[in-house]
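Engineer: Sequence and predicted structure below; questions after.
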Amino acid sequence: MEGLSSALTVLTAMITPAVLISACGTMILSTSARLGRVVDRVRALSDKLEELAAVEGRIELLDERRAVIFSQLDKLTSRARILQRSMTIFYTALGIFVATSVAIGIVAVTSTRYSWIPVVVALFGAGFLFYGSMLLIFEARLALTTIHIEMDFIWRFTKHFAPREIVEQYKPHHVHFRKHE
């Protein structure tokens, strides 16, 4: 009975990293979807910029439109790089958690003298998972910046065409983390 108990303990310990492996998989899937949306947005903005470059007639606020698109493309480039780095980090964490599970099995079969190895390996994996999560926080902040750039332009564009009495009724909403014009 003692052999069965010890085998179950080892199996339980080997399965424990599976929760973290699952977490990494979820983060990879989420990050991949975010990266896909960034790529789609870059393509749409590139097409729009190309259309604006071919315009010979007069379009209201043409230079400002181009500047907004250029600014968004700059931010989207940074976002894509951060997301790619995050995915690399999450894949690394995934591999480390698999290695943790394998290390638990090897230590159980060979000797308990090296039982600290799976713990250290798991801590490295947790560190990578944490770092990847921090990168996603920075990326989310950058995503919010691009939304603010676009919304600010839409607000200015709308004020350009709306009757003055309507424009004067609405004051810009103040957001605590942004610069105000």
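Structural biologist: All right, it came through fine. Numbering: from 1, shown residues only.
Engineer: Name the single longest helix found in the protein.
Structural biologist: In terms of residue count, the longest helix belonging to the chain (DSSP state H) is helix 2-54.
Engineer: which non-adjacent residue is nearest the residue most central in space within the chain?
Structural biologist: Nearest residue to the geometric centre of the chain (C-alpha atoms, centre = their mean): Leu136, 3.6 Å. Nearest non-adjacent residue to Leu136, counting by C-beta to C-beta, 6 or more residues apart in numbering: Ser86, 5.6 Å away. Glycine gets a C-beta too; all of them are placed from N, C-alpha and C.
Engineer: picking up where we left off before, quick one: contacts for the residue nearest to the centre of the chain?
Structural biologist: With contacts defined as C-beta atoms under 8 Å, 6 or more residues apart in numbering, the neighbours of Leu136 are Met27, Thr31, Arg34, Ile82, Leu83, Ser86.
Engineer: what's the pLDDT at it?
Structural biologist: pLDDT for Leu136: 97.
Engineer: can you start the count at 16 instead of 1 from here on
Structural biologist: All set: I'll call the first residue 16, so the last point we hit is now Leu151.
Engineer: In the contacts of Leu151, find the pair that's most separated.
Structural biologist: Within these, two members stand farthest from each other by C-beta to C-beta: Met42 and Ile97, at 13.5 Å.
Engineer: mind checking which helix or strand the residue nearest to the centre of the chain is in?
Structural biologist: Here Leu151 sits within helix 131-176, counting by DSSP states H and E.
Engineer: what's the following helix or strand after that helix?
Structural biologist: Reading on from helix 131-176 to the C-terminus, the next helix or strand found by DSSP H and E is helix 179-184.
Engineer: From Ile36, how far off is the nearest residue to Glu154 once chain neighbours are set aside?
Structural biologist: In space, and not counting its chain neighbours, Glu154 is closest to Ile97: 4.4 Å by C-beta to C-beta, 6+ apart. Distance from Ile97 to Ile36, counting by C-beta to C-beta, to the nearest Å: 23 Å.
Engineer: Neighbour count: those two, which is higher?
Structural biologist: Remark: of Ile97 and Ile36, Ile97 carries more neighbours, 23 against 20, as counted by other C-beta atoms under 10 Å.
Engineer: Taking helix 17-69 as reference, get the angle to the strand or helix carrying that one.
Structural biologist: Ile97 is located in helix 77-125, with elements delineated by DSSP H and E. Here the directions of helix 77-125 and helix 17-69 differ by 170 degrees (axes from the mean of the first three to the mean of the last three C-alpha atoms, to 10 degrees).
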